[in-house]
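S.K.: Build me a model from this:
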Amino acid sequence: MPFPETDRKTCHDCSSRHQCLIGRQSDAARAPWAAMVEERRFRKGDVLQHQGETAGAVAVIKVGTALLQRAGADQVARPVAMAGCGQALGTSAVLGTPEDLTWVALMEGRLCEVPAAALLRAGGGGTEFLQSLLREEVQARARLADWSGLLRRRGVTAQLASALLQLSQLQRSTLVRLPTHTVLASLLATTRETVARSLTQLALHGAVVRHDRWHCAIVRGPLMALLEGRAVKAPAAALPVTAATLAVPALAPPVAAAPLRRRVARREAGIPVARRPVRAAAAPKAPSPQAVQA
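M.R.: Residues are numbered from 1 along each chain as shown. The predicted structure is shown next:
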């Protein structure tokens, strides 16, 4: 629903103005529809845009993060990217064509929107607006390509590192609000457990600093080094001090477990295993006559 009047801010007072398709228009270009711009709140799980439907308004995310999904021939919606501050949705409404993606809110936030009918009455928003809209579409394709490219990296840890860098850009902060492990796993085509392990590895290498379950700080230097394949020395503070790390290495030679494993495997497969003969205990030696005489 719309914000109360006391919570509204004009485009001139908005900190996201220069990243916003609506806000960066000149006063002259915005004049025909400026009074119709509304700021709305959305909650986690809200569907902001449906694939295949024609949007009723052009909107820009002001605060928050959304998951972009695309349904293929099997009609199953699968994650393809994430979107954040300054990214526009419903842009196909100006042309009257259906939207290509579904947008689902990953956390509560706010967006600003202007009815598509008002833009159409103003001749599609005017030349300035249409030029900005074309630039927005070009940037949207580039961002989709970046999200697609991270899946070509080798290993989930490198993929997650790339995703965190893109999240930092979306949220315009090095302190990243993380989505759930389930969302990250679906985006990276892996499991929640693998995502958790990869986050731990990044923390041990000093590439991220975990503040709590939902927030982590991005350390760009080590993160870029991991992506470029350069060796990263883990900081001493990142290494957990446990009894295992403080224990003195054993001096006894390791026990050869391979023969035992082979015997167990043969027994489980039903192959008879020859038992070694048990040697009888040696009889005690009789004392020598010299010892008895002594």
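
S.K.: contacts, neighbours, all on C-alpha from now
M.R.: OK.

S.K.: What helices and strands are in contact with whatever helix or strand residue 40 lives in?
M.R.: Secondary structure from DSSP states H and E places residue 40 in strand 38-42. When contacts are defined as 3 or more C-alpha pairs under 8 Å, 6 or more residues apart in numbering; DSSP states H and E, strand 38-42 packs onto strand 109-115.

S.K.: how about the strand holding residue 40 as PDB, C-alpha atoms only?
M.R.: Output of strand 38-42 as PDB, limited to C-alpha atoms (Å, rounded to 0.1, in the frame of the first residue of the first chain):
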ATOM      1  CA  GLU A  38       3.900   6.700  -5.800                       C
ATOM      2  CA  GLU A  39       6.200   5.200  -3.300                       C
ATOM      3  CA  ARG A  40       5.000   1.700  -2.100                       C
ATOM      4  CA  ARG A  41       6.200  -0.800   0.500                       C
ATOM      5  CA  PHE A  42       6.500  -4.500  -0.300                       C
END
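
S.K.: Residue 50 contacts residue 102, doesn't it?
M.R.: Yes - with contact defined as C-alpha atoms under 8 Å, residue 50 reaches residue 102; the gap is 4.5 Å.

S.K.: Compare the two (neighbour count), which wins?
M.R.: Ranked by neighbour count (other C-alpha atoms under 10 Å), residue 50 and residue 102 place residue 102 first, with 22 against 18.

S.K.: For residue 150, give me its contacts.
M.R.: If you count contacts by C-alpha atoms under 8 Å, 6 or more residues apart in numbering, residue 150 has them with 159, 162, 163.

S.K.: Switch those over to a markdown table, and while doing so, append distance to residue 201, pLDDT and neighbour count to every line.
M.R.: A markdown table is the format used below for those (distance: C-alpha to C-alpha, whole Å; pLDDT from 0 to 100; neighbours: other C-alpha atoms under 10 Å):
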| residue | distance to residue 201 | pLDDT | neighbour count |
| --- | --- | --- | --- |
| 159 | 13 | 94 | 20 |
| 162 | 14 | 94 | 22 |
| 163 | 15 | 95 | 21 |
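
S.K.: Can you list which of those are found in strands?
M.R.: Among the contacts of residue 150, no member falls in strands (DSSP state E).

S.K.: residues in contact with the closest residue to residue 93 other than its chain neighbours?
M.R.: Nearest residue to residue 93 in three dimensions, chain neighbours excluded: residue 55, at 5.3 Å (C-alpha to C-alpha, 6 or more residues apart in numbering). Neighbouring residues of residue 55 by C-alpha under 8 Å, 6+ apart: 49, 90, 91, 92, 93, 98, 99, 116.
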